[in-house]
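In: A predicted structure for the sequence below; I have some questions about it.
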Amino acid sequence: MARLPALIAPSILSADFARLGAEVDAVLAAGADLIHFDVMDNHYVPNLTVGPLVCEALRRHGVKAPIDVHLMIRPVDRLVEDFAAAGASWISFHPEASDHVDRTIDLIRRHDCKAGLVLNPATPISWLDYTLEKLDFVLVMSVNPGFGGQAFIPSALPKIRQIRKRIDALRREVRIEVDGGIKADNIRDVAEAGADTFVAGSAIFGSGDYPATMLALRRELAAAAQAATA
Ligand code: DX5
Ligand code: ZN
């Protein structure tokens, strides 16, 4: 199947939260496709971030780009509804954090959001049995969730290849998003493994020059796409 166009999703976890609206405007002006919004509850993961109020504030600020809400919370369902009302476009959750995974996927889709299942580094892809048919994307964690700025875990690559095979066999347009430790020096390998949606937090917000960093990431993605057609 033809590959979907590559999307880059800066993670606001590494942004300057005192200037969040301006930071989001700046990465969008630099060419970001969607905004990755990490939600942590100090329960499912050992860190605490932001909730639906902040998502809604970005919408009121004028952000039109899709907001990709990554829920690292337990329980999941009530906040799905709150985030959908707050303007989320994509919503993903960790299957270990939901008592009824199929119900949570349905809930996300009923709210007209794209539904994603998140696989931690040690979470097997068997969670895609009975779920892949309903998902809009699979989010492969290439770090353990909870913090920005961690090193990419290479076992994500064979995992992405296996998921890509399953999606291609299904002949459905399901995106593979990858989150954690993505930088200009490894994004090409991740793309060649079969991912099409790339989260980058510290690589973008930690750089002094967002347009230059986005360009460097795009160049690597273009090289991967060219190699695939050669
Ligand atoms: C980690 C978060 C990531 C994080 C990625 O739990 O889900 O989205 O912001 O940050 P980097 O790109 O710095 O690894
Ligand atoms: Zn994330």
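Out: That came through fine. Ligands and ions are numbered 1, 2, ... in the order given.
In: Can you classify the residue of the chain found nearest ligand 2 by secondary structure?
Out: When scored by Cβ to the ion, the chain has residue 70 as its residue closest to ligand 2, at 3.8 Å. C-betas here are computed from N, CA, C, even on glycine. Under DSSP: H, G, I helix; E, B strand; the rest coil, residue 70 falls in the strand class.
In: Now for it, how many residues are close by?
Out: 27 (other Cβ atoms under 10 Å).
In: residues contacting it?
Out: Contact analysis of residue 70 by Cβ atoms under 8 Å, 6 or more residues apart in numbering lists 36, 37, 38, 39, 92, 118, 139, 179, 199.
In: Pull out whichever of those are also neighbours of ligand 1.
Out: 36, 38, 179, 199 (Cβ under 6 Å from any ligand atom).
In: correct me, but the first one touches residue 10?
Out: Yes. Counting by Cβ atoms under 8 Å, a contact exists between residue 36 and residue 10, whose distance comes to 6.4 Å.
In: Give me the common contacts of those two.
Out: Residues touching both residue 36 and residue 10 (Cβ under 8 Å, 6+ apart) are 199, 201.
In: between these two, who's got more neighbours?
Out: Remark: of residue 36 and residue 10, residue 10 carries more neighbours, 31 against 26, as counted by other Cβ under 10 Å.
In: how near is the more buried one to ligand 1?
Out: In this view, residue 10 and ligand 1 are 9 Å apart by Cβ to the nearest ligand atom, to the nearest Å.
In: for that residue, helix, strand, or coil?
Out: Applying three-state DSSP: residue 10 is strand.
In: For it, give me its contacts.
Out: Residue 10 makes contacts with 27, 32, 35, 36, 199, 200, 201, 204, 205, as judged by Cβ under 8 Å, 6+ apart.
In: Show me which residues of the chain are close to ligand 1?
Out: 11, 13-14, 36, 38, 70, 143, 145-146, 148-150, 179-182, 199-203.
In: Let's see that with 5 Å instead.
Out: Residues of the chain lying near ligand 1 by Cβ under 5 Å from any ligand atom: 11, 13, 38, 145, 148-149, 179-181, 199-202.
In: The lengthiest helix in the chain: which residues count as buried?
Out: The residue-count maximum for a helix in the chain (DSSP state H) belongs to helix 210-229. By 16 or more other Cβ atoms under 10 Å, the buried positions in helix 210-229 come out as 210, 213, 214, 216, 217, 220, 221, 224, 225.
In: so what's the fourth one scoring on pLDDT?
Out: Yep, that's residue 216 we're talking about. On the pLDDT scale, residue 216 is placed at 98.
In: I'd guessed it sits against residue 184; true?
Out: Yes. The criterion here is Cβ under 8 Å, and residue 216 meets it with residue 184 at 4.3 Å.
In: Of the contacts of residue 10, which are in range of ligand 2?
Out: Among those, no residue lies close to ligand 2 (Cβ under 5 Å from the ion).
In: so which of those residues comes closest to ligand 1?
Out: residue 201 (2.9 Å; Cβ to the nearest ligand atom).
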